[in-house]
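Student: return atomic coordinates for the entry below.
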Amino acid sequence: MKIHLIAVGGSAMHNLAIALKEKGYTVSGSDDEIFEPSRSRLAAHGLLPDAAGWHPERIHGGLDAVILGMHARADNPELKRAQQLGLKIFSYPEYLYEQCRDKRRIVIGGSHGKTTITAMVMHILKSCGMDFGYMVGAQIDGFDTMVRLSKEAKISVFEGDEYLSSPIDPRPKYHLYHPNVALVSGIAWDHINVFPSFELYVMQFSRFIDLIEPGGTLVYCAADATLSRLVEEKRPPVTVIPYTAHPAVVRNRQTFLTTGDHMIGLSVFGEHNLQNIGGALQICRVLGVNDEDFYKHIGSFRGAARRLQTLAQNEHTHIFLDFAHSPSKLKATIKAVKEQYPDRLLTACMELHTFSSLSERFLAEYQHSMTDADDAWVYYNPETLKHKQLPMFDRQTVARAFDTPNVEVFTDLELLLRKIKETRWKDRNLLVMTSGNFNGTNFGKWELSGDKLVVVRE
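Tutor: The predicted structure is shown next:
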């Protein structure tokens with residue numbers, strides 16, 4: 001099989017390229033710009049394009065398929081050439097389904113927690129010696145890639161994203177997987193640029209449930225009121241399994257699951273992660289994992305990249321990086337850190353980066369989302385608004401939207417980083433939250449020196 005990937009440098013696309021090569025396919029790709037870590041990983045597998053840009057002459061009749069990444073445009077010259085030649089053109093999720101149509105597909109969806117639940121299930125299955133294919137949206141300890149396509153495995157575990165499939169396919173990604181087993185972790189409005197109303201957003205989850213294969217299973221978080229109403233109204237003709245947060249206690253800043261007379265120490269914490277564990281447990285049960293094995297291995301799960309990831313710590317300070325960017329994620333993550341460290345102050349610092357968060361109409365959804373933090377710092381780059389062709393707004397608009405007396409809004413990254421460097425962090429934690437990177441800030445090189453944080457920009 002000869003496969004060409006347009007926009008191969010994306011985090012998902014470059015992992016798919018590597019997975020296809022490892023499966024024995026002949027793989028080529030192109031992109032107008034490729035950043036780290038995609039660049040180094042593609043180079044290590046001999047898949048880095050010789051030159052940046054789009055090269056329609058590389059599209060020829062000998063290709064078995066062309067996979068179109070979300071970051072390409074509908075007028076991409078390579079895409080146009082593929083269309084002229086009548087080649088098979090797939091979106092990323094479309095091709096994953098094509099590869100796994102004969103397998104038992106487990107799809108983890110929801111507005112929050114889907115990456116972590118998928119990672120938990122992957123961790124347990126691997127620890128139990130089970131063979132499976134997968135696709136997950138973050139790097140996971142113990143897994144070399146974010147995609148694996150196995151010929152022999154009978155099951156595939158997918159993280160199900162509700163965002164669009166490709167520039168020429170407006171269907172949500174998770175509508176293309178047709179799950180045998182589906183999980184929905186919760187519904188909280190996001191992607192306002194695609195789903196301009198909450199009702200339209202909820203409809204995507206309704207359709208996802210409809211697409212569960214006959215005889216399949218729906219696992220859902222019963223603590224989410226919107227989701228619970230949806231399931232009750234639909235009464236889907238599949239096996240329905242609700243879940244809630246797993247019982248737990250916190251002792252000396254460590255969370256322990258409680259089951260019968262046993263306590264299982266965890267590396268993760270927070271009510272949202274206890275909900276994630278509750279969902280992962282139900283999925284693993286459906287897949288035949290017994291509870292004894294689940295509890296034996298869940299304690300060694302260390303989380304997914306950028307999900308309450310430790311950047312630096314000492315005896316009196318902990319610096320976290322988290323992917324949180326939507327209002328519900330901010331609130332849950334701040335609450336988790338505050339409850340885990342009740343004797344420390346908490347500074348929460350978030351970046352408005354997505355289309356939704358940079359929409360003035362959506363900003364009101366952030367009201368009180370950072371109230372639990374002792375200090376709330378919000379950063380956005382006006383140049384990002386210009387790049388996304390969104391209407392400009394000022395810092396006062398953001399402060400009013402968050403509606404909390406402890407909020408401080410920054411548009412100058414250097415001022416924010418200076419404040420972080422000048423703050424004395426003794427008996428105080430810092431939680432950095434973004435789906436972006438604060439204009440290329442290298443969080444991997446941040447270090448604590450006494451009560452000061454050494455901040456490296458690049």
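Student: use CA for all of it now, contacts and neighbours both
Tutor: Noted.
Student: just give the number of residues close to K234.
Tutor: Around K234 there are 12 other residues, counting by other C-alpha atoms under 10 Å.
Student: an error on my part: the question was meant for G53.
Tutor: G53 has 13 nearby residues by other C-alpha under 10 Å.
Student: how about L266?
Tutor: Neighbours of L266 using other C-alpha under 10 Å come to 18.
Student: for the nearest residue to it once chain neighbours are set aside, give its distance to M120.
Tutor: Ranked by C-alpha to C-alpha, 6 or more residues apart in numbering and with sequence neighbours excluded, the top spatial neighbour of L266 is G299, at 4.6 Å. Distance, G299 to M120, by C-alpha to C-alpha, to the nearest Å: 10 Å.
Student: so the two - more neighbours on which side?
Tutor: Comparing G299 with M120 by neighbour count (other C-alpha under 10 Å), the higher total belongs to M120, at 28 against 16.
Student: contacting residues for that one?
Tutor: 277, 280, 298, 301, 303 (C-alpha atoms under 8 Å, 6 or more residues apart in numbering).
Student: the residue located most distally from the centre of the chain: what's it in contact with?
Tutor: The outermost residue of the chain, judged against the average C-alpha position, is G61 (35.9 Å), by C-alpha atoms, centre = their mean. When contacts are counted by C-alpha under 8 Å, 6+ apart, G61 touches 85, 87.
Student: R105 too?
Tutor: Counting by C-alpha under 8 Å, 6+ apart, R105 has contacts 155-158, 177-181.
Student: re earlier: tell me the secondary structure at the residue farthest from the centre of the chain.
Tutor: coil (DSSP: H, G, I helix; E, B strand; the rest coil).
Student: then the one 5 residues further on?
Tutor: Of the three states, V66 takes strand according to three-state DSSP.
Student: these two touch, right, it and K88?
Tutor: Yes - the pair V66 / K88 is scored as a contact, 6.2 Å apart, by C-alpha atoms under 8 Å.
Student: of the two, who's got more company?
Tutor: V66 (25 against 12).
Student: mind checking how far the residue nearest to L266 is from F355?
Tutor: 36 Å.
Student: shared neighbours of V66 and K88, which are they?
Tutor: Joint contacts of V66 and K88 (C-alpha under 8 Å, 6+ apart) are A82.
Student: what's the local residue count around K103?
Tutor: 19.
Student: how close does the nearest residue to S28 once chain neighbours are set aside get to G137?
Tutor: Spatially, and ignoring its direct neighbours in sequence, S28 is nearest to H4 (4.8 Å; C-alpha to C-alpha, 6+ apart). Applying C-alpha to C-alpha, the value for H4 to G137 is 21 Å.
Student: neighbour count: those two, which is higher?
Tutor: A side-by-side neighbour count of H4 and G137, using other C-alpha under 10 Å, places H4 first with 23 against 20.
Student: show me what the more buried one is bridged to.
Tutor: S28, V66 (DSSP bridges).
Student: in contact with it, which residues?
Tutor: By C-alpha under 8 Å, 6+ apart, H4 lies in contact with 27-29, 59, 63, 65-67.
Student: kindly report the same for D375.
Tutor: So D375 contacts 346-348, 406-407 (C-alpha under 8 Å, 6+ apart).
Student: and which of those is nearest V250?
Tutor: For these, the closest approach to V250 (C-alpha to C-alpha) belongs to L346, at 18.3 Å.
Student: what's the one helix or strand that closest one maps to in contact with?
Tutor: Using DSSP states H and E, the element containing L346 is strand 345-351. Contact with strand 345-351 is made by 325, 334, 337-338, 370, 373-380, 427-436, 438, as judged by C-alpha under 8 Å, 6+ apart.
Student: out of the contacts of H4, which end up buried?
Tutor: 27-29, 59, 63, 65-67 (16 or more other C-alpha atoms under 10 Å).
Student: as a markdown table, the residues you listed with pLDDT would be great.
Tutor: Shown next, in a markdown table, are the buried ones among the contacts of H4 (pLDDT from 0 to 100):
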| residue | pLDDT |
| --- | --- |
| V27 | 98 |
| S28 | 97 |
| G29 | 97 |
| I59 | 97 |
| L63 | 98 |
| A65 | 97 |
| V66 | 98 |
| I67 | 98 |
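Student: G129: which of these is nearest?
Tutor: Set against G129, the nearest of those by C-alpha to C-alpha is V27 (29.6 Å).
Student: how far away is that closest one from I117?
Tutor: Here the distance between V27 and I117 works out to 30 Å (C-alpha to C-alpha).
Student: gap between K386 and R81?
Tutor: Counting by C-alpha to C-alpha - K386 and R81 are separated by 31 Å.
Student: neighbour-wise, which of those two wins?
Tutor: R81 (17 against 11).
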